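> this one's sequence-less:
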């Protein structure tokens, strides 16, 4: 984000601090660098959801069914199942799944 | 070999789908973010998306929640060498395959032949949502 560094005093529970130390060591980065990356990710997600909301403001809110279909598609992809987009829309069959 | 994936990688097809308002694409993008996943987009795909799509505003909204993977010397060299090995001019497909392997991502893209060939050459089983 920026090369400028600001020092802040933050309080973490012992458990979280230990987990961060372990994760930072595993990733080969400093405690601060690990926390910075985690914060950047959270900020990106927050900004991304604002982007989705901006699209919805124009195109209409995703319905509960569409949200569920998106969650299901994500779960399939992360579990290693490929698929092909369908043009029939989420209310019909949102996507065809191709097992390999 | 484990086939689970931990991230999402968008090609130009994904950007096109978002720019054209395909609701499943936006639902997938929302799902990724809600599950703590920031999708990755190669810089080349961003350039191609803004070249071909009229709705740059929608692309910008999608990219607000994405990480753009830069095309630095290392990435460019990898993509070029990989494309040469599969005898393809499709540098973006090569870059997608390369990033998919490095970041253990499922891919959302329209390209299939070159992408599949590049992934195969890398010994990677491609998980693709073809849009």
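Noted; the coordinates are in hand. Source: prediction; values computed, not measured.

> what pLDDT does residue 92 get?
You didn't pick a chain, so chain A it is. pLDDT, residue A:92: 43.

> right idea, wrong chain: chain B
Predicted confidence (pLDDT) for residue B:92: 95.

> how about it, nearest residue that isn't a chain neighbour?
Of all residues not flanking residue B:92 in the chain, residue B:44 sits nearest, at 4.9 Å (C-beta to C-beta, 6 or more residues apart in numbering or on different chains). (Glycine included, C-beta is placed from N, CA and C.)

> next secondary structure after the helix or strand hosting that neighbour?
Secondary structure from DSSP states H and E places residue B:44 in helix B:43-52. Remark: after helix B:43-52, the chain's next helix or strand is helix B:56-64, criterion DSSP H and E.

> got the angle between that following helix and helix B:43-52?
160 degrees (axes from the mean of the first three to the mean of the last three C-alpha atoms, to 10 degrees).

> now for helix B:56-64, which elements pack on it?
Counting by 3 or more C-beta pairs under 8 Å, 6 or more residues apart in numbering or on different chains; DSSP states H and E, the packing neighbours recorded for helix B:56-64 are helix A:31-59, helix B:12-19, helix B:43-52.

> about what we covered before: would you mind measuring from the residue nearest to residue B:92 to chain A?
Distance from residue B:44 to chain A, counting by C-beta to the nearest C-beta, to the nearest Å: 20 Å.

> number of residues surrounding that residue?
Around residue B:44 there are 22 other residues, counting by other C-beta atoms under 10 Å in any protein chain shown.

> these two touch, right, it and residue B:91?
Yes. Between residue B:44 and residue B:91 a contact is recorded at 6.7 Å, counting by C-beta atoms under 8 Å.

> thinking again about what came up before, would you mark the buried spots in the helix holding residue B:44?
Applying a neighbour-count criterion of 16 or more other C-beta atoms under 10 Å in any protein chain shown, one finds B:43, B:44, B:45, B:46, B:48, B:49 buried in helix B:43-52.

> list phi and psi for residue B:10.
When read as degrees, to the nearest 10, the backbone of residue B:10 gives phi -100, psi 130.

> so the closest residue in space to it that isn't next to it in sequence versus residue A:16, what's the distance?
In space, and not counting its chain neighbours, residue B:10 is closest to residue B:41: 4.6 Å by C-beta to C-beta, 6+ apart. According to C-beta to C-beta, to the nearest Å, residue B:41 and residue A:16 sit 31 Å apart.

> shaky segments in chain B?
Applying pLDDT under 70 to chain B flags residues B:1-2, B:111.

> helices of that one, start to end?
Listed in chain order, the helices of chain B (DSSP state H) span residues B:12-19, B:23-34, B:43-52, B:56-64, B:73-85, B:91-103, B:113-121.
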